[in-house]
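Give me coordinates for this.
(one chain, ligands or ions: 1)
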Amino acid sequence: MFNFEAIYEAASVNHAVELLKEHPNAIIIAGGSDVLIKIREGRLSECELISIQTINELRGITIKEDATLCIGPIESFSHIAENTLIKQYISVLGDAALTVGGPQIRNIGTIGGNICNGATSADTASTLLAWDVVLELTGLGYVRYVPISEFYIHAGKTNIKNGEILTSILIHKNSYENYKGFYYKYSARNAMDISVCNCSVNVRLSSDKKAVEDVRAAYGAAGPVPLRAYKAENAIRGKKITLELIDEFADTAAKNLEPRSSYRASREFRIHILKELSKKCLKESICRCGGIINGTV
Ligand SMILES: Cc1cc2nc3c(=O)[nH]c(=O)nc-3n(C[C@H](O)[C@H](O)[C@H](O)COP(=O)(O)OP(=O)(O)OC[C@H]3O[C@@H](n4cnc5c(N)ncnc54)[C@H](O)[C@@H]3O)c2cc1C
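You can find the predicted model right below:
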C-alpha cells in the first residue's frame, strides 16, 4: 500500500541535513499528510524518506528577547490553535489553523509541511504571508533567511534548495505589534475541504482609530502561489476609514489577483468571492483594532 524504498529517522537538524547530503533524492516527511497520500497514489513510489517528526529542535512556539515570535515547523495545527503566544499576538494564525481539514489532520499535519508543499490554497500560507514572516532554512553548515514573499516561485515550487530544511518561522515584532487581523476560508463545506479561495488581512490603525495606518492582505487560491495585494494595500494606506475606502480596497485587490478556473470554481466566481472576502476581512480587522466604520464599531 505504501511503496517506499527506505525511511531514515533524523535525530537532529544537523543529522537531517547530513542525511539529505547522503541521500539527495530523499524526501522530508513531517506529519506525512501530503507525502503519504502521494506515495499511496503512486506519485512518489519507491522513494526514500527522511523523517523529521521526532526532532525536538523543530518543535515549540517561543518569543525571543527582541520579541520575535519563533514557530517550530513541526508544530501541528492543533498546537498552534491552542498556543497562548499565538492567541495573544497573532490569533489569526490560530483561526486559520482551525480551518484545516478535520481534527485528525489538525493533530498530524504540521505548519512547516503546509508551507513547504507549495500549495496556493494552504490555509496557513496566506495568513503567514499577511504577517510578513521570515523563514529560516538550514543546509549543511549554513542557515539562510528568506522573507515569505520570496518563498513561493511558481505552482508547487518553493525557494527551498536541495539539501535544505525549514527550521523556523519568524515573525518580527514590527510585523505584529499593534496589528489585528481576520482570516476567511471560502470552501464548499465547513470541514475536510480545501479552500476555493481564502483571504487574510492585518491592519494597524492610527491612534485616533479613524485611519488605516498600515494594511497587509494576502490570498490563497487566487493565483498559482499565495499572493499579496500590494496595489490594494497602497490604495488605502494612510487614508480615513470609510465604506468607500473598503470598496476601493476590494475592487483593486480583485483586479490584481489571478485565480484560475478549476473543478472547484470558475475564475469569475473566484474573483467575485475574493472581492467579498476582501471587504469582510478588512472590515473585521478594523473592528478588531477598535476602529469605527460609518459610526458602527
Ligand atoms: C484529508 C485531508 C484534508 C486536508 N485539508 C487541508 C485543509 O483544509 N487545508 C490545508 O491547507 N491543507 C489541508 N490538507 C493538506 C495537509 O494536511 C497540509 O498541507 C499539512 O500541513 C502538511 O503537513 P505535513 O506535516 O503532514 O506534511 P508532509 O506530508 O510531511 O510534507 C509535506 C511537504 O512538505 C515537505 N516538508 C515538510 N516539512 C518540511 C520541513 N520542515 N522542511 C522542508 N520540507 C518539509 C515535505 O517534503 C513534503 O514535500 C489536507 C490533507 C488531507 C489528507
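
So which bits of this protein are right by the ligand?
27-35, 37, 52, 73, 100-101, 105, 109-110, 112-114, 116-117, 122-123, 160, 165-166, 192, 194 (Cβ under 6 Å from any ligand atom). Yep, even glycine has a C-beta here, placed from its N, CA and C like the rest.

Narrow those to just the buried residues.
27-35, 52, 73, 100-101, 105, 109-110, 112-114, 116-117, 122-123, 160, 165-166, 194 (16 or more other Cβ atoms under 10 Å).

Inside helices: which ones of the residues you listed?
Among those, DSSP state H puts 35, 105, 112-114, 116, 123 in helices.

can you count the residues close to G238?
11 (other Cβ atoms under 10 Å).

got the contact list for it?
By Cβ atoms under 8 Å, 6 or more residues apart in numbering, G238 lies in contact with 211-213.

Ok, N107 next?
76-78.

Select from the residues you listed every entry located in helices.
Using DSSP H, the contacts of N107 in helices are 77-78.

would you turn the contacts of N107 into a markdown table with neighbour count and pLDDT?
Formatted as a markdown table, those follow (neighbours: other Cβ atoms under 10 Å; pLDDT from 0 to 100):
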| residue | neighbour count | pLDDT |
| --- | --- | --- |
| S76 | 21 | 98 |
| F77 | 29 | 98 |
| S78 | 18 | 98 |
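
what's the closest of the contacts of N107 to the ligand?
F77 (6.9 Å; Cβ to the nearest ligand atom).

Next, count neighbours for the nearest residue to A11 once chain neighbours are set aside.
What sits nearest to A11 in space, not counting adjacent residues and going by Cβ to Cβ, 6 or more residues apart in numbering, is I55, at 7.1 Å. Counted with other Cβ under 10 Å, residues neighbouring I55 total 22.

Same question for the one 5 residues further on.
In terms of burial, G60 registers 14 neighbours under the definition other Cβ under 10 Å.

and it, what does it touch?
70, 72, 75.

swap the cut-off to 6 Å and go again
G72 (Cβ atoms under 6 Å, 6 or more residues apart in numbering).

which one of the ones in helices among the buried ones among the residues of the chain next to the ligand sits closest to the ligand?
For these, the nearest to the ligand is G113 (2.2 Å; Cβ to the nearest ligand atom).
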